[in-house]
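Student: Quick one, what's the 3D model for this:
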Amino acid sequence: MSSITTSRNLYKKMTPIYCPRDAKQNTTGTHEMKTSSTAVSAQKECLFGDRASPDAVRNRGEFISKLPLEIFIDALPDIFLILNQHGQIVLANKGIKHFKAAKYGKRLGEVLNCVHAYEKNTGCGTTQACHNCGIFKAVLSSLQGHNCVQTCRIITRKGRREPLDVAISSFPLSIGREPFSACAIKYTG
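Tutor: This next block holds a predicted model:
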């Protein structure tokens, strides 16, 4: 079945969204939705209904901005991290916490169990192989002030040296005068 057919079938099964201009008041004082095809096309135009006032939006924004950062990053579907200028994890969402080695102060290759992260005592980012690593390039680029998107195939230290394919998007953060790298990592294979 094509995705277009599937989307149409899902749309037909969806519960109608209340839109004030499509409602008519019944004898009990409550509102009922029209069921004609005109109402369906009007629903598409009126997905969100009325707007909140600018003051109400501003108040909600101020409230949300005071919430802990972890609430937002833990809601992300992919791995999200903030790394310091040494490439060490200073903040991570729940996406990476299923890795046994996921600890603050570790570098990404160490957490992802890359074979090259253990070639030297200095760890991830310090071997010749690291210069070709997409994760290394993305983190380094963002620490130098640039957004970067890279793909990478990590050979892990697990039994048969299984590959781990990922895409990484990084962008620079500066807190005070200290540079950080914010990274989102998605499994691609």
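Student: Show me where this protein has its strands.
Tutor: For the chain, applying DSSP state E gives strands covering 23-25, 31-33, 79-83, 89-92, 148-155, 163-175, 178-187.
Student: looking at it, residue 172 is touching residue 143, isn't it?
Tutor: Yes - using CB atoms under 8 Å, residue 172 is in contact with residue 143, at 6.9 Å. C-betas here are computed from N, CA, C, even on glycine.
Student: list residues touching both of those two?
Tutor: By CB atoms under 8 Å, 6 or more residues apart in numbering, residue 172 and residue 143 have these common neighbours: 179, 180, 181.
Student: that older thread, how about TSV for the strands of the chain, with mean pLDDT added?
Tutor: TSV is the format used below for those (pLDDT from 0 to 100):
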stretch	mean pLDDT
strand 23-25	49
strand 31-33	46
strand 79-83	93
strand 89-92	90
strand 148-155	95
strand 163-175	94
strand 178-187	94
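Student: Pick the most deeply packed of those.
Tutor: strand 79-83 (a mean of 22; mean count of other CB atoms under 10 Å).
Student: quick one on the thing from earlier: now the strands of the chain as JSON lines including distance to residue 49?
Tutor: Output for the strands of the chain, formatted as JSON lines (distance: least, CB to CB, whole Å):
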{"stretch": "strand 23-25", "distance to residue 49": "10"}
{"stretch": "strand 31-33", "distance to residue 49": "12"}
{"stretch": "strand 79-83", "distance to residue 49": "32"}
{"stretch": "strand 89-92", "distance to residue 49": "37"}
{"stretch": "strand 148-155", "distance to residue 49": "37"}
{"stretch": "strand 163-175", "distance to residue 49": "34"}
{"stretch": "strand 178-187", "distance to residue 49": "32"}
